[in-house]
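# just the structure for this:
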Amino acid sequence: MLELAILGFLRSRPLHGYDLRHRVAALMGHVRPVADGTLYPAIKRMVAAGWLLRNDEPGLSAAPRRVLHLTPEGRAELERRLREPDELDISDENRWFTMLAFLRHLDDPGEQAAVLRRRLTFLEEPTSFFYDDDRPMAAEDFDDPFRQGLLTIAHATSQAELAWLRDTIEHLESGERRTS
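Numbering: from 1, shown residues only. Just a heads-up that it's a prediction; the model follows:
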């Protein structure tokens with residue numbers, strides 16, 4: 001997901017490493033802090049793969065800044081990852097949010113809707129954090145207020161996402177342009 005976030009942010013505009021790190025941390029840092037020891041090796045791999053270019057540009061002070069630019073190959077890789085997410089990208093909430101942050105970079109509404117449909121299908125399957133044999137358990141199955149809270153919050157979040165997904169898929173497939 002780190003590589004997807006890097007590609008996604010650079011798709012909008014070139015950034016130097018410091019700005020990129022702060023943007024990635026704002027998106028993903030609540031899950032896993034983004035350390036220089038993680039970010040810069042990823043950037044180095046992506047430069048070697050031909051997805052990014054590093055250019056030295058004048059900085060605000062005397063020292064030049066290394067500014068990262070997305071290459072056409074990097075753009076193609078971003079679009080491929082958005083168009084063809086793996087199952088974990090669909091099922092893991094944190095990975096999904098990273099996907100969702102950049103899904104606008106797929107220009108085809110049909111392709112966007114196809115990705116959203118995969119998430120919708122995943123969310124429509126009965127699931128829980130707790131099971132009685134194979135039966136997913138709901139909040140009302142517990143006397144424990146903390147498990148009730150966990151399941152109540154998760155259910156409400158899931159219902160909100162389902163409603164958003166259905167509405168957005170309908171708009172994408174109808175060809176209507178959304179402004180909000």
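# point out where this structure drops to low pLDDT.
Scanning the chain for pLDDT under 70 picks out the ranges 29-33, 59-62, 176-180.
# domain parsing for it?
2-81, 108-174 (automatic domain parsing).
# dump those to JSON lines, plus mean neighbour count and distance to residue 92.
Yep, even glycine has a C-beta here, placed from its N, CA and C like the rest. Formatted as JSON lines, those follow (neighbours: other Cβ atoms under 10 Å; distance: least, Cβ to Cβ, whole Å):
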{"stretch": "domain 2-81", "mean neighbour count": "16", "distance to residue 92": "10"}
{"stretch": "domain 108-174", "mean neighbour count": "14", "distance to residue 92": "10"}
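# between these, which one is nearest to residue 101?
Smallest distance to residue 101 across the domains of the chain (Cβ to Cβ): 5.9 Å, for domain 2-81.
# residue ranges for the strands of this protein, please.
Applying DSSP state E to the chain gives strands spanning 15-16, 52-57, 65-70, 131-132, 135-136.
# quickly run through the sheet partners of the last one, with directions.
Using DSSP bridges, strand 135-136 pairs in its sheet with strand 131-132 (antiparallel).
# ok, what's across the strand from the residue lying closest to residue 68 once chain neighbours are set aside?
Of all residues not flanking residue 68 in the chain, residue 52 sits nearest, at 5.3 Å (Cβ to Cβ, 6 or more residues apart in numbering). Note on residue 52: beta-bridge partners by DSSP bridges are residue 70.
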